[in-house]
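Please work out how this folds:
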Amino acid sequence: MSVTVRIPTPLRRLTQSLAEVEAEGANIEGIIDNLEASYPGMKERLCDEGGNIRRFVNIYLNDEDIRFLDGKSTSVADGAEISIIPAIAGGRNLS
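Numbering: from 1, shown residues only. So this is what the prediction gives:
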């Protein structure tokens with residue numbers, strides 16, 4: 001099943017600066033494995049040593065956060081859109 005994956009700016013050096021790539025897989029885990037095969041280094045940036053999606057990485061399937069679905073086991077339909085969104089932290093203390 002082919003899906004479109006939106007790549008955030010910090011990871012685009014792995015995709016030769018592409019903002020969107022095509023990937024295949026029946027679920028999010030399969031998509032991540034397929035991304036790793038095409039773009040080495042992607043999985044280690046998305047997943048921890050145990051294979052779980054890192055806490056600071058948010059993945060959306062058709063605008064729904066997969067944490068509220070089935071996580072990396074979330075099924076993916078052909079033609080779906082996946083967005084990888086890194087968490088943003090920090091800021092300025094105004095006090």
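
Can you list the residue ranges for strands in this protein?
Using DSSP state E, the strands of the chain run over residues 2-6, 20-24, 57-61, 64-65, 81-86.

What is the second one packed up against?
Helices and strands in packing contact with strand 20-24 are listed as strand 2-6, helix 28-38; criterion 3 or more C-beta pairs under 8 Å, 6 or more residues apart in numbering; DSSP states H and E. (C-beta placed from N, C-alpha, C; glycine too.)

Chain neighbours aside, what residue packs nearest to Gly41?
Counting by C-beta to C-beta, 6 or more residues apart in numbering, Leu14 is the residue found nearest to Gly41 once chain neighbours are left out, at 5.3 Å.

Identify the residues contacting the one you found.
The neighbours of Leu14, taking C-beta atoms under 8 Å, 6 or more residues apart in numbering as the test, are Ile7, Tyr39, Pro40, Gly41, Met42, Arg45.

just checking, which of the helices and strands packed on strand 20-24 sits deepest inside the structure?
Of these, the one with the most neighbours on average (mean count of other C-beta atoms under 10 Å) is helix 28-38, at a mean of 19.

Packing partners of it?
Here helix 28-38 touches strand 2-6, strand 20-24, helix 42-46, going by 3+ C-beta pairs under 8 Å, 6+ apart.

That one: how far from the chain's middle?
Put simply, helix 28-38 sits 9 Å off its chain's centre (C-alpha atoms, centre = their mean, to the nearest Å).

again with stretch 20-33
With C-alpha atoms, centre = their mean, you get 9 Å for stretch 20-33.

Low-confidence stretches in this protein?
Regions of the chain meeting the criterion pLDDT under 70 cover residues 1, 89-95.

which residues does the residue nearest in space to the middle of it contact?
Closest residue to the average C-alpha location of the chain: Ile84 at 3.8 Å, with C-alpha atoms, centre = their mean. Counting by C-beta under 8 Å, 6+ apart, Ile84 touches Val5, Arg6, Ile7, Pro8, Leu11, Leu46, Val57, Asn58, Ile59.

Just the buried subset of the residues you listed, written out for ChimeraX, thanks.
A single ChimeraX command selects the buried members of the contacts of Ile84 (16 or more other C-beta atoms under 10 Å):
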select :5,7,11,46,57,58,59
